[in-house]
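1. This is a predicted model, with the sequence first.
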Amino acid sequence: MSALFSGRTLLRNSASQDALDTEAELSRQLDNRLVLLVFGAAGCPRTRAFAPALRDFFVRLTDEFYVLRAAQLALVYVSQDPSAEQQRRFLRDMPARWLYLPFQDELRRELRRRFSVERLPAVVVLEPGGAVLSRDAAAEIERLGPACFANWQEAAELLDRSFLLPEDPEDPAPRSLTEPLRRRKYRVPREEARGDPGHGDGDGGGAQGPF
């Protein structure tokens with residue numbers, strides 16, 4: 001998954017703003033995880049309204065106050081703000097574990113085109129191999145909260161067997177009753193799994209304005 005940002009720098013949303021600018025650092029933060037690309041803008045009312053739900057979703061899955069071990073989840077904020085100050089303002093109250101692209105990096109715009117993001121906010125969920133699980137999971141996060149992660153993780157395991165934890169042949173973990181439904185919901189066409197940007201998003205929804 002780190003290949004998406006190969007040759008780029010990601011910043012950690014901490015007071016020190018640590019830079020991840022080597023392949024090894026990017027790999028440690030992004031590989032073998034579900035990666036959320038969050039497209040938003042401080043000047044967008046819908047982005048501001050969604051921010052508390054997104055922050056709570058992420059914290060409850062990654063903060064040891066709530067979980068014994070952080071989930072295999074990474075979040076990269078892909079700002080669509082018109083100024084660095086607006087980007088900084090939005091990130092100020094977001095978790096320190098978030099990653100983001102520097103404002104001057106044009107990859108922010110390229111990713112929006114690549115994933116056909118037509119409105120903000122948008123949350124693109126990528127499985128460890130890079131295939132798209134959801135082109136816009138914002139509504140799902142608002143509706144289900146942290147429970148989304150179990151759905152995505154199970155679907156990712158089906159798409160990429162290398163993401164599965166080793167199974168004990170003497171005590172195999174049972175599949176949930178909802179597993180077939182998740183498999184069908186998050187199945188993506190072969191061309192989308194290759195990252196073909198020429199196809200429409202898989203979650204429906206007509207074209208709307210950017211904000």
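-> That came through fine.

2. Can you point out the buried residues in the helix of greatest length in the chain?
-> As assigned by DSSP state H, the longest helix anywhere in the chain is helix 45-62. The neighbour-count check on helix 45-62 (16 or more other C-beta atoms under 10 Å) flags 47, 50-51, 54, 57-59, 61-62 as buried. Every C-beta, even on glycine, is put in place using the N, C-alpha and C of the backbone.

3. Over to stretch 3-13?
-> For stretch 3-13, by 16+ other C-beta under 10 Å, it's 4-5, 10-13.

4. From the chain's centroid, how far away is that stretch?
-> 14 Å (C-alpha atoms, centre = their mean, to the nearest Å).

5. Kindly report the same for stretch 53-61.
-> On C-alpha atoms, centre = their mean, the centre of stretch 53-61 falls 12 Å from that of its chain.

6. who's the residue minimising distance to the centre of the chain bridged to?
-> Centroid-nearest residue in the chain, with C-alpha atoms, centre = their mean: residue 36, separated by 0.4 Å. Residues in a beta bridge with residue 36, per DSSP bridges, are residue 75, residue 125.

7. check contacts around it.
-> 73-76, 123-126, 137 (C-beta atoms under 8 Å, 6 or more residues apart in numbering).

8. likewise residue 99?
-> So residue 99 contacts 10-13, 20, 29, 74-77 (C-beta under 8 Å, 6+ apart).

9. cool, and residue 34?
-> Counted by C-beta under 8 Å, 6+ apart, residue 34 has contacts 72-74, 125-128, 133, 149, 152-153, 156.

10. circling back: could I get the contacts of residue 99 as CSV with pLDDT?
-> Shown next, in CSV, are the contacts of residue 99 (pLDDT from 0 to 100):
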residue, pLDDT
10, 96
11, 95
12, 95
13, 95
20, 91
29, 93
74, 95
75, 97
76, 97
77, 97
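
11. List just the nearest of these to residue 142.
-> Distance to residue 142 across the contacts of residue 99 (C-beta to C-beta) is lowest for residue 75, with 15.6 Å.

12. Can you pull the phi/psi pair for residue 136?
-> The phi and psi values for residue 136, taken as degrees, to the nearest 10, are phi -160, psi 100.

13. and it, how many residues sit next to it?
-> Using other C-beta atoms under 10 Å, residue 136 has 22 neighbouring residues.

14. just to revisit the earlier point, so which of the contacts of residue 36 would you say is closest to residue 43?
-> Among these, and counting by C-beta to C-beta, the member closest to residue 43 is residue 123, at 18.3 Å.

15. Surely that closest one is in a strand?
-> Yes - counting by DSSP: H, G, I helix; E, B strand; the rest coil, one finds residue 123 located in a strand.

16. Check what pLDDT it gets.
-> Here, the pLDDT recorded for residue 123 equals 98.

17. Fine by me, we can end here.
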